[in-house]
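> Fold the stuff below for me.
(one chain, ligands or ions: 1)
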Amino acid sequence: MVEKPSETEEQWFKDQELKNAKEAEQRAAHLAALAAEAAIKAERGRCPRDGAALATQIHEGVEIDQCPTCKGVWLDAGELEHLEHGKSGGLFGFLRGR
Ligand SMILES: [Zn+2]
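Predicted coordinates for the structure are as follows:
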């Protein structure tokens, strides 16, 4: 005859189930975060307008991403300020020199 689990045993199984469900939820959230991060990384280096691969150039120590298709220039946060105070004519000097 199979013994019926006591109340505490049943509660233990319920707790385990709940714990497993919570852990699975956390794993899923972690995986979703990783996927989102990977998508952002894949998106970087691509023109937001046409999706062409950007050509990165270094100008006064600042990375400037330019799209070979639409000639759009993309800067990261703070890079415009850095270029504005540059020695070789700033951003417009860079653009004129192209
Ligand atoms: Zn483009």
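
> same for the helix or strand where residue 80 lies, what does it pack against?
Here residue 80 is covered by helix 79-84, with elements defined by DSSP states H and E. When contacts are defined as 3 or more C-beta pairs under 8 Å, 6 or more residues apart in numbering; DSSP states H and E, helix 79-84 sits against strand 62-66, helix 90-96. For glycine as for every other residue, the C-beta is placed from the backbone atoms N, C-alpha and C.

> hey, least reliable of the ones you listed by pLDDT?
Per-segment mean pLDDT for these reaches its minimum on helix 90-96, at a mean of 68.

> Show me what counts as buried in the helix holding residue 80.
Of the residues in helix 79-84, those buried under the neighbour-count criterion (16 or more other C-beta atoms under 10 Å) are 79, 82-83.

> closest to the ion among these?
Comparing the buried residues of helix 79-84 against the ion with C-beta to the ion picks out residue 79 as the nearest, at 17.8 Å.

> who touches that closest one in this structure?
Shown in contact with residue 79 (C-beta atoms under 8 Å, 6 or more residues apart in numbering): 62-64.

> 6 Å - rerun?
Counting by C-beta atoms under 6 Å, 6 or more residues apart in numbering, residue 79 touches residue 62.

> and if you look at residue 50?
Under the contact definition (C-beta under 6 Å, 6+ apart), the residues listed for residue 50 are 69-70.

> and it, that one's in a strand?
No: assignment of residue 50 by DSSP: H, G, I helix; E, B strand; the rest coil gives coil, placing it outside any strand.

> Would you mind measuring from it to residue 95?
Counting by C-beta to C-beta, to the nearest Å, the gap from residue 50 to residue 95 is 19 Å.

> What is the neighbour count of residue 59?
As a burial measure, residue 59 scores 19 neighbours (other C-beta atoms under 10 Å).
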